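> 3D model of this:
(one chain, ligands or ions: 1)
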Amino acid sequence: MKTKRIGFATRLGAIAATVGSAVGLGNIWRFPYEAGQNGGGAFIIVYIACVALLGIPVMLSEFIIGRSTHSNMKGALRKLAPKSSIYLMAYVCIAGAVMVLGFYSVVCGWVVEYICQAVAGNLQGHQPQDYSVMFSDFVGSPVRMVLFTVVFLAINFAVLLKGVQKGIERMSSIMMPLLFLLLVVFCVNSLMLPDAHKGLAFLFKPDFGALTWRGVVDAFGQAFMSLSLGVACLVTYASYFNDDTSLTRDAVVIASLDTLVAILAGIVIFPAVFSFGMQPEAGPKLVFEVLPAVFQQMAGGYVWAILFFVLLFFASLTSTISLSEIFITFLIEERNFSRRKAIWITAAVVGSLAVLCALSFNVLKSVTVFGMSIFDLFNYLSSNVFMLLGGLFTALFVGWFLDRRVIVEQLTNRGRLNVPVMNYLMFCLRYVAPVAVVFIFMQLVGII
Ligand code: PHE
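Prediction:
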């Protein structure tokens, strides 16, 4: 069956939808705690270098593949390299997307729980240290963890079943700028806290001694997670881009906005961490301990807390919708399932993985693989293995195998644009990406 593909009405529509997918928990929850665990400033420098040398080139590769074929990842690879089995790479991307959803929806469940706590007024009137106990109590309860994860997933799949995801995306184009504004307000607030300068020094004064090789790969993985790379998500988005969209400009705008949001989140969190005597290396709970402590010392903290967690909920929902679509589309196109059936199957698969991840904080705490809990394992494997490899192989495919004419045609919009970055792009795709693959592999098997 041939369906008519409708492009984005405006250039802004394309950017807004892609930013909606990219900005989420990766920026606001994951970036600060990864930076905190890996020494702050040095991690951020490696992160930014990775966005420039690998992130933007991989994003452009996904855009080129998507827009030149107007297909999803597997179909696109089949069209671009008909005689090779390179299309199998699409399965790595799809597996990566399902794995991300597994742990990501648990954290989305935390956001739902914190909305409820904020509305009930429970985030107000405590000492900063109390929020740590509050979080431990919450994750220690299997019932609450599973309940909120399931509530989140129910909303996510209800949106998909009712076909209102376009409405959510439209809403998010209002919510995203609001979230951005809120972060700016919180930054100003954090910068005025006592000892704020210690947090800023931690964030911006690099101490390379604090960064391990594992930390470097974490920075790479975090960049790919945050920019939504390596899971074929952006291939699908780009397949709907208009022919006059400048791919290079859009990739730079999207990557810059995404990085800006992550750094703003860091500026909100770390001055507060040092001001309240908390631990920067607290790990995944960091943001959920620090932010309530920040809100409660602000005038109108009750409202700020609700507003923030609601906006974060929408930012996360646009990410999980785009992640879910990857597996749903695969089931429809490859298995010929109806959309309804595909959504239910996706819900069942993701739901089971997410429940396992939720229980790994309590009843399944003692189950570890390579010394990691199930949640940590999913979190680690999805960014540091699946997304990195999916993204870097996409880069190698475009750099070494794709007909150069397709690349030039896509970047210049058939000769209508002047693209001065061609040599830079090809250098990153052909040489930086393979070096990164070897480096990541060496870190993975423990050689460095
Ligand atoms: N980039 C999103 C975030 O930072 C997560 C995501 C990954 C979304 C892959 C879509 C695809 O939260």
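
> Return the residues of the stretch 51-200 of the chain in contact with the ligand.
By C-beta under 6 Å from any ligand atom, the part of the stretch 51-200 of the chain that sits against the ligand consists of residue 100. Where C-beta positions appear, they are placed from N, C-alpha and C, glycine not excepted.

> Where does the stretch 51-200 of the chain get nearest to the ligand, residue-wise?
Nearest residue of the stretch 51-200 of the chain to the ligand (C-beta to the nearest ligand atom) works out as residue 100 at 5.5 Å.

> show me the contacts for the closest residue to that residue other than its chain neighbours.
In space, and not counting its chain neighbours, residue 100 is closest to residue 382: 4.5 Å by C-beta to C-beta, 6 or more residues apart in numbering. The neighbourhood of residue 382, defined by C-beta atoms under 8 Å, 6 or more residues apart in numbering, consists of 96, 99-100, 102-103, 225.

> cool, residue 115 as well?
306, 309-310, 313.

> now do residue 122
Residues near residue 122 by C-beta under 8 Å, 6+ apart: residue 134.

> would it count as being in a helix?
No - Residue 122 is assigned coil when assessed by DSSP: H, G, I helix; E, B strand; the rest coil, not a helix.

> how near is it to residue 381?
The gap separating residue 122 from residue 381 is 34 Å, by C-beta to C-beta, to the nearest Å.

> Generate a PyMOL selection restricted to the buried subset of the contacts of residue 382.
Applying 16 or more other C-beta atoms under 10 Å to the contacts of residue 382, the buried members can be selected in PyMOL as follows:
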select buried, resi 96+99+100+102+103+225
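
> could the contacts of residue 382 go into CSV alongside secondary structure?
Formatted as CSV, the contacts of residue 382 follow (three-state DSSP):
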residue, secondary structure
96, helix
99, helix
100, helix
102, helix
103, helix
225, helix
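
> The contacts of residue 382 into a markdown table, with extra columns for distance to residue 57 and pLDDT?
Output for the contacts of residue 382, formatted as a markdown table (distance: C-beta to C-beta, whole Å; pLDDT from 0 to 100):
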| residue | distance to residue 57 | pLDDT |
| --- | --- | --- |
| 96 | 18 | 97 |
| 99 | 24 | 98 |
| 100 | 21 | 98 |
| 102 | 28 | 98 |
| 103 | 27 | 98 |
| 225 | 17 | 98 |
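
> And the contacts of residue 382, which two are furthest apart?
Largest separation among those by C-beta to C-beta: 102 and 225, giving 13.5 Å.

> Can you tell me the closest non-neighbouring residue to the residue of the chain at minimum distance from the ligand?
Closest residue of the chain to the ligand, C-beta to the nearest ligand atom: residue 26 (2.1 Å). Closest residue in space to residue 26, ignoring its immediate chain neighbours: residue 226 at 4.1 Å, by C-beta to C-beta, 6+ apart.

> contacting residues around that neighbour?
Each residue near residue 226 by C-beta under 8 Å, 6+ apart is listed here: 22, 26-27, 30-31, 258-259, 262.

> go with 7 Å
Neighbouring residues of residue 226 by C-beta atoms under 7 Å, 6 or more residues apart in numbering: 22, 26-27, 31, 258, 262.

> where's it relative to residue 415, distance?
Distance, residue 226 to residue 415, using C-beta to C-beta: 33 Å.

> now swap in residue 297 and tell me
Here the distance between residue 297 and residue 415 works out to 57 Å (C-beta to C-beta).

> More neighbours: which of those two?
Neighbour totals were compared for residue 297 and residue 415, and residue 297 leads with 13 against 8 (other C-beta atoms under 10 Å).

> Which residue lies nearest to that one in three dimensions, sequence-adjacent residues excluded?
The shortest distance from residue 297 to any non-neighbouring residue, by C-beta to C-beta, 6+ apart, is to residue 193 (7.9 Å).

> doesn't that neighbour fall inside a helix?
No - Residue 193 is assigned coil when assessed by three-state DSSP, not a helix.

> Tell me the confidence at it?
Residue 193 is assigned 98 on the pLDDT scale.

> Off-centre distance for stretch 402-420?
Distance, stretch centre to chain centre, for stretch 402-420: 28 Å (C-alpha atoms, centre = their mean, to the nearest Å).

> Only alpha carbons, please: show it as CSV.
The C-alpha coordinates for stretch 402-420 follow below in CSV (Å, rounded to 0.1, in the frame of the first residue of the first chain):
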residue,chain,number,x,y,z
LEU,A,402,27.2,6.1,-0.1
ASP,A,403,27.5,7.6,-3.6
ARG,A,404,29.1,11.0,-3.0
ARG,A,405,26.6,12.6,-5.4
VAL,A,406,23.8,11.7,-3.1
ILE,A,407,25.6,13.5,-0.2
VAL,A,408,26.3,16.6,-2.3
GLU,A,409,22.8,16.7,-3.7
GLN,A,410,21.3,16.5,-0.2
LEU,A,411,23.6,19.0,1.4
THR,A,412,23.3,21.5,-1.4
ASN,A,413,19.6,20.9,-2.1
ARG,A,414,20.5,20.0,-5.7
GLY,A,415,23.1,22.7,-6.1
ARG,A,416,20.9,25.5,-4.7
LEU,A,417,22.9,25.9,-1.5
ASN,A,418,26.6,26.5,-0.9
VAL,A,419,27.9,24.1,1.7
PRO,A,420,31.4,25.0,2.9
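
> Tell me, what's the model's pLDDT at the closest residue to residue 398 other than its chain neighbours?
Once flanking residues are discounted, residue 398 sits nearest to residue 61: 3.9 Å by C-beta to C-beta, 6+ apart. Here the pLDDT value assigned to residue 61 is 98.

> Check residue 6 too.
For residue 6, pLDDT reads 57.

> how near is the residue nearest to residue 26 to residue 135?
Relative to residue 135, and taking C-beta to C-beta, residue 226 is found at 23 Å.

> what residue ranges in the stretch 101-250 of the chain score low on pLDDT?
Along the stretch 101-250 of the chain, no part satisfies pLDDT under 70.

> how about the strands of it, start to end?
Counting by DSSP state E, counting those that start in this stretch, one finds no strands in the stretch 101-250 of the chain.

> what ranges do the helices span in it?
130-140, 142-162, 165-191, 196-204, 213-226, 233-238, 247-275 (DSSP state H, counting those that start in this stretch).

> Save these as a markdown table, and put in distance to residue 284 too.
Shown next, in a markdown table, are the helices of the stretch 101-250 of the chain (distance: least, C-beta to C-beta, whole Å):
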| stretch | distance to residue 284 |
| --- | --- |
| helix 130-140 | 9 |
| helix 142-162 | 13 |
| helix 165-191 | 20 |
| helix 196-204 | 19 |
| helix 213-226 | 13 |
| helix 233-238 | 23 |
| helix 247-275 | 13 |
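
> Please report how far the residue nearest to residue 297 lies from residue 237.
Distance, residue 193 to residue 237, by C-beta to C-beta: 39 Å.
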